[in-house]
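1. Sequence and predicted model, in that order:
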Amino acid sequence: MKRISSGGGGGGSGGASGDKKRGKRSYGDSATDNPPKQAAKKDIFQIFAEKVRDHKDLESRWAILQETRVEYFRGKDFVKFLRNHPELKDILESDKNLESEDIANTLLRKNLIVRCDRVVKTVRPGKRKLSTWPAHLEIFSDQLFSDNDAFFAWTFVNRRPLWQTLLSFVWPVLTLAICLFPVYPHQVKLLILYFCAGLLLVILCVLLLRALVFGTLWIVLGKRVWFFPNILAEEATLKELFQFLPKKDECERPKWTARLFFALVAALIILLLRHHAPDEAARARYQKRVYNIIDDVLEWSPRLALSGMMEKQSGVNLTDSENNVTDSSKGSSESIIEHPEDTEGGTMSDLNETEEGTNPDYHYEAEDH
């Protein structure tokens with residue numbers, strides 16, 4: 001009996017330890033089967049806020065908020081922006097059907113934006129109304145969205161692309177390289193000159209060609225067709241800048257009288273340019289002048305500049321010495337050739353006596369006579 005009881009106790013303890021081992025094993029298996037998430041999923045409203053902030057159609061400005069420079073926008077511009085770009089709401093997934101006011105209030109609750117108010121609330125002397133974009137802001141007490149003269153500042157730091165970070169390091173190097181252009185070897189100068197001239201020629205040709213295509217199609221067909229429509233845009237991305245296909249012309253067709261008038265003006269300008277075009281001799285003079293300017297730029301070097309400065313300095317020294325010699329000779333001649341009346345108490349006989357005493361040849365000449 002005792003053995004049974006001890007065996008039963010041993011079995012009980014063994015069963016308990018076995019349960020613990022099975023429990024540990026089952027926990028390990030469950031942990032292996034369902035591993036914890038490495039990182040929490042990024043908030044969709046954070047992604048939405050970043051997309052909206054980076055979009056060029058939402059007008060924004062910079063101001064000072066509690067001694068901090070922040071980027072802010074107006075409430076009415078936010079509503080207008082979401083109305084014109086409803087595709088951005090797809091980022092919100094299940095909340096994409098929310099109204100603009102509800103989306104803005106959610107951004108306020110998540111501290112992605114903060115409502116601000118202008119510091120100066122009175123019209124300044126000489127002004128008729130308050131500033132549209134104030135330069136100084138303060139936090140508004142009621143953090144609710146409004147499109148009536150309400151301003152909202154972004155509270156998160158905007159991420160910069162990698163190419164912008166690299167470009168910020170390239171600009172100082174490029175500036176230093178431009179400043180050191182005069183000391184480059186001649187072949188490097190020629191390479192840079194031809195590259196810049198070719199790039200400038202390509203840009204001018206593209207602009208002239210798109211203007212000719214637009215003018216011809218506008219006069220003949222009455223359609224506005226701009227190839228490379230964003231080539232002169234200030235806030236276009238690199239992909240939009242080199243977009244070749246033109247945008248769809250949604251404007252009304254111009255009148256035939258306006259097209260005829262501009263066709264006559266274009267023909268008149270072409271005739272005037274042909275009539276006042278420079279002849280061959282003038283063109284050769286201009287070309288020679290340009291070549292001389294380019295040669296002066298390409299052939300300049302610090303050694304030539306220093307040698308030119310030394311030659312100029314030596315020329316100045318020689319001129320100064322010649323001037324000093326001329327001035328001294330003039331002074332001596334003026335002192336010798338002096339009017340007899342200007343001598344103090346002296347007469348012609350005194351001068352003759354002095355000459356007899358100082359000049360030994362004078363005696364010989366007197367004896368000869």
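-> In hand now; what should we look at? Numbering: from 1, shown residues only.
2. who's in contact with residue 81?
-> Shown in contact with residue 81 (C-beta atoms under 8 Å, 6 or more residues apart in numbering): 52, 55, 57, 58. For every residue, glycine as well, the C-beta is placed using N, CA and C.
3. ditto for residue 184
-> Counted by C-beta under 8 Å, 6+ apart, residue 184 has contacts residue 192.
4. and it, what pLDDT?
-> What the model reports for residue 184 is a pLDDT of 86.
5. now do residue 46
-> At residue 46, pLDDT is 91.
6. re the thing from before, grab the two from the contacts of residue 81 that are most spread out in space.
-> The most widely separated members of the contacts of residue 81, counting by C-beta to C-beta, are 52 and 57 (9.6 Å).
7. And the contacts of residue 81, which is closest to residue 232?
-> The closest of these to residue 232 turns out to be residue 57 (C-beta to C-beta; 17.8 Å).
8. follow-up on the earlier one: between residue 52 and residue 57, tell me which one has more neighbours.
-> Per other C-beta atoms under 10 Å, whichever of residue 52 and residue 57 has more neighbours is residue 52, with 23 against 11.
9. Please list the residues outside whichever strand or helix holds the more buried one that contact it.
-> Per DSSP states H and E: residue 52 is located in helix 44-54. Under the contact criterion C-beta under 8 Å, 6+ apart, helix 44-54 has outside partners 58, 60, 71, 81, 88, 91-93, 95, 103, 106-107, 110, 112-113, 154, 156, 158-159.
10. Can you flag the buried ones in these?
-> Neighbour counting with 16 or more other C-beta atoms under 10 Å marks 58, 60, 81, 88, 91, 92, 103, 106, 107, 112, 113, 154 as buried within the contacts of helix 44-54.
11. In three-state terms, how would the third one be classified?
-> Of the three states, residue 81 takes helix according to DSSP: H, G, I helix; E, B strand; the rest coil.
12. Check it and give its pLDDT.
-> If you check residue 81, the pLDDT there is 93.
13. again with residue 187
-> For residue 187, pLDDT reads 84.
14. does residue 138 sit in a helix, a strand or a coil?
-> strand.
15. Please read off the pLDDT at it from the model.
-> pLDDT, residue 138: 94.
16. swap in residue 28?
-> For residue 28, the pLDDT comes out at 39.
17. ditto for residue 268
-> pLDDT, read off for residue 268, is 93.
18. how close does it sit to residue 56?
-> Look at residue 268 and residue 56: by C-beta to C-beta, to the nearest Å, they are 40 Å apart.
19. Mark which of the contacts of helix 44-54 are part of strands, please.
-> Judged by DSSP state E, the subset of the contacts of helix 44-54 located in strands is 71, 113, 154.
20. Now for the first one: which residues touch it?
-> Going back to what we said before, that points to residue 71. By C-beta under 8 Å, 6+ apart, the residues touching residue 71 are 53, 60, 61, 62, 153, 154, 158.
21. same deal with the last one?
-> Taking C-beta under 8 Å, 6+ apart as the contact definition, residue 154 lies against 49, 53, 70, 71, 72, 112, 113.
22. So what's the residue count around the second one?
-> Counted with other C-beta under 10 Å, residues neighbouring residue 53 total 17.
23. returning to what we had before: for the contacts of residue 71, work out which two are farthest apart.
-> The most widely separated members of the contacts of residue 71, counting by C-beta to C-beta, are 61 and 158 (14.6 Å).
24. quick one on the thing from earlier: just the closest of the contacts of residue 81 to residue 286, please.
-> Proximity of those to residue 286 (C-beta to C-beta) peaks at residue 57, which lies at 46.5 Å.
25. For that closest one, give its distance to residue 214.
-> Taken as C-beta to C-beta, the span from residue 57 to residue 214 is 25 Å.
26. And the helices in the stretch 1-150 of the chain, which stretches?
-> 2-33, 44-54, 75-84, 100-109 (DSSP state H, counting those that start in this stretch).
27. where does this protein have low pLDDT?
-> Applying pLDDT under 70 to the chain flags the ranges 1-42, 234-238, 247-251, 300-369.
28. do that again at 80, thanks
-> For the chain, applying pLDDT under 80 flags the ranges 1-42, 126-127, 158-161, 163-164, 230-253, 290-369.
29. Distance to residue 147 added to the contacts of residue 71, as JSON lines?
-> Converted to JSON lines, the contacts of residue 71 look like this (distance: C-beta to C-beta, whole Å):
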{"residue": "53", "distance to residue 147": "18"}
{"residue": "60", "distance to residue 147": "15"}
{"residue": "61", "distance to residue 147": "17"}
{"residue": "62", "distance to residue 147": "21"}
{"residue": "153", "distance to residue 147": "16"}
{"residue": "154", "distance to residue 147": "17"}
{"residue": "158", "distance to residue 147": "23"}
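30. which residues of the stretch 151-300 of the chain fall in strands?
-> Applying DSSP state E, counting those that start in this stretch to the stretch 151-300 of the chain gives strands spanning 151-154.
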